[in-house]
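Engineer: Let's see this in three dimensions:
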Amino acid sequence: MTFAQTHTSIPEEARKRGLLAVVIERGLVGARTAASAIKRAAHAVQGVVTPLGWSVIAAAIVALGVGYGWGLLEIIAIGWGLVVLVSVAALWLIGRGAGEIRLLVPTPRVVVGEPALARLVAANPGRRGFAGVQIELPVGARVFERVLPRLARGSAFDEQFTIPTDRRGIVSIGPARTVRADPIGLMRREIVWSETAELRVHPRTVSISALSTGFIRDLEGFPTRDLTSSDIAFHALREYVPGDDRRYIHWRSSAKTGTFMVRQFEETRRSRLMILLDLEPGAYLDDAEFELAVGAAASVGARAIRDARSVSFVVSGPRSASGSRFGGPMRELPTVSRDRLVDALCVIEREPRAALLPDVARSAVETVHGISLVFLVTGTARGIAPLRSAASRVPAGVEVLAVQCSPEGEATARTVAGLTVFDIGYLEDLRAMLSRSASVA
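Structural biologist: Have a look, this model is predicted:
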């Protein structure tokens, strides 16, 4: 072989190898595409064929195998009859319909016990539309079923469904779907027409009077309309009266008027409110106590937000995995608005491993600074000792009010070792007691 022949054969071999690599690569891509298509088809078939349908398909395969294997014409006829039955059931599912279905939830938020409705609107803008199709609408743990009547062109079907609101929480509604199924039940095809909507069921609250208690004079606080002779928020000048502090005489104005003039200030106050809701299961005798406690805490928080007071809403957190009682035993809920707060309270539940109330109070006062008033909201199963222990974790000078909830119990107000305790049986009891304490103050 000459040098020229050798030089010519090398590029030829490289070209053949390149073509082979391209063919192999395209074959692999085609195989992957086919496998993906088969997988999708299998998934679609699996979602359409019912258990009865799979049994009929298996019976058809067995009948045809046995019939052709043993030459039994009757068995062969049965096998092909089952094949025809499955084919007709599959043809029954063809088509989507020219109509449209909408799910409407007019009110996304309600209070527990209030009526709430969801609407299903089916329309037929075309010539075909729906005819005898079954509509299913999941609402929470229930599924509402309706058979859609035949809709003429341009007509609509509008029906309302009642949403249960007897329990605080978030109720999932939808998606609305239509179901096509053959009369025997071999095939079932679901078509989803809407997204899943959510209805937030808020805890019941009551409107309480303005929280006038819990204000502490503080130079770093906010100015109020109350005037004082010593502070940092300057208001005006007035004539000197006996007893005024001479340090606040404004000498330049006194020289101009010929009368002693003193500075007058607006009193600055600090009024950060903290609400602590106990989530420990052992603190409550039953669910009714816990629901009353959630409503009481929500009422106080909503009023504080309405009054534009600085507020922190704290709930019990879990104990640390290591067994230490102080491993982050608290968490805060959003208080930027009333809706954000009660939205968060929709899903609050008792924590099986919740930290004890005194540990939560200790962690809260170490995390939240500038507190002037603390509400401790809990049940009656623990008695007064945990409340006193939690109040002892609060810094001196901070007022503490404890609220113990016992549904339909007697409303009382008492003071135990300097701790004010409200026992309430209804949310209205809390409103009355806070109003009475405000009038006394």
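Engineer: quick one: the closest residue in space to Trp92 that isn't next to it in sequence from Val49, how far?
Structural biologist: Nearest residue to Trp92 in three dimensions, chain neighbours excluded: Asp182, at 4.2 Å (Cβ to Cβ, 6 or more residues apart in numbering). To be clear about C-beta, it is placed using only N, CA and C from the backbone, and glycine gets the same treatment. Distance, Asp182 to Val49, by Cβ to Cβ, to the nearest Å: 11 Å.
Engineer: what does Leu117 give?
Structural biologist: Counting by Cβ to Cβ, the gap from Leu117 to Val49 is 36 Å.
Engineer: what residues does the host helix or strand of Pro138 touch?
Structural biologist: Using DSSP states H and E, the element containing Pro138 is strand 134-139. Residues outside strand 134-139 that contact it (Cβ atoms under 8 Å, 6 or more residues apart in numbering): 101, 103, 118, 120, 122, 143-148, 161, 163-164, 171-179, 181, 190.
Engineer: cutoff 10 Å now
Structural biologist: 101, 103, 116, 118, 120, 122, 143-148, 157, 159, 161-164, 171-181, 188, 190, 193-194, 196-197, 199 (Cβ atoms under 10 Å, 6 or more residues apart in numbering).
Engineer: Would you mind listing the buried residues in that strand?
Structural biologist: Neighbour counts over strand 134-139 (16 or more other Cβ atoms under 10 Å) mark 134-135, 137, 139 as buried.
Engineer: more crowded one of Leu117 and Val49?
Structural biologist: Set Leu117 next to Val49 and count neighbours by other Cβ atoms under 10 Å: Val49 wins out with 20 against 14.
Engineer: wait, that one sits on Ala181?
Structural biologist: No. Here Val49 does not reach Ala181: they are 11.3 Å apart, not a contact under Cβ atoms under 10 Å.
Engineer: shared neighbours of the two, anything?
Structural biologist: 89, 187-189.
Engineer: out of the residues you listed, who's nearest Gln404?
Structural biologist: The shortest approach to Gln404 among the shared contacts of Val49 and Ala181 belongs to Arg188, at 53.9 Å (Cβ to Cβ).
Engineer: pretty sure the closest one contacts Val49?
Structural biologist: Yes. If you go by Cβ under 10 Å, Arg188 and Val49 touch, sitting 8.1 Å apart.
Engineer: okay, and the common contacts of these two?
Structural biologist: Common neighbours of Arg188 and Val49 (Cβ under 10 Å, 6+ apart) are Ala89.
Engineer: got a pLDDT number for the residue nearest to Trp92?
Structural biologist: As predicted, Asp182 sits at a pLDDT of 76.
Engineer: Same check on Arg217?
Structural biologist: 41.
Engineer: again, but for Phe326
Structural biologist: Looking at Phe326, its pLDDT reads 40.
Engineer: And Glu289, by the same measure?
Structural biologist: pLDDT for Glu289: 94.
Engineer: repeat for the one 5 residues further on
Structural biologist: Confidence per residue is given as pLDDT, and for Val294 that number is 95.
Engineer: So, low pLDDT: which residues of the stretch 301-441 of the chain?
Structural biologist: 320-328, 437-441 (pLDDT under 70).
Engineer: can you rerun that using 80?
Structural biologist: 308-309, 319-329, 370, 397, 436-441 (pLDDT under 80).
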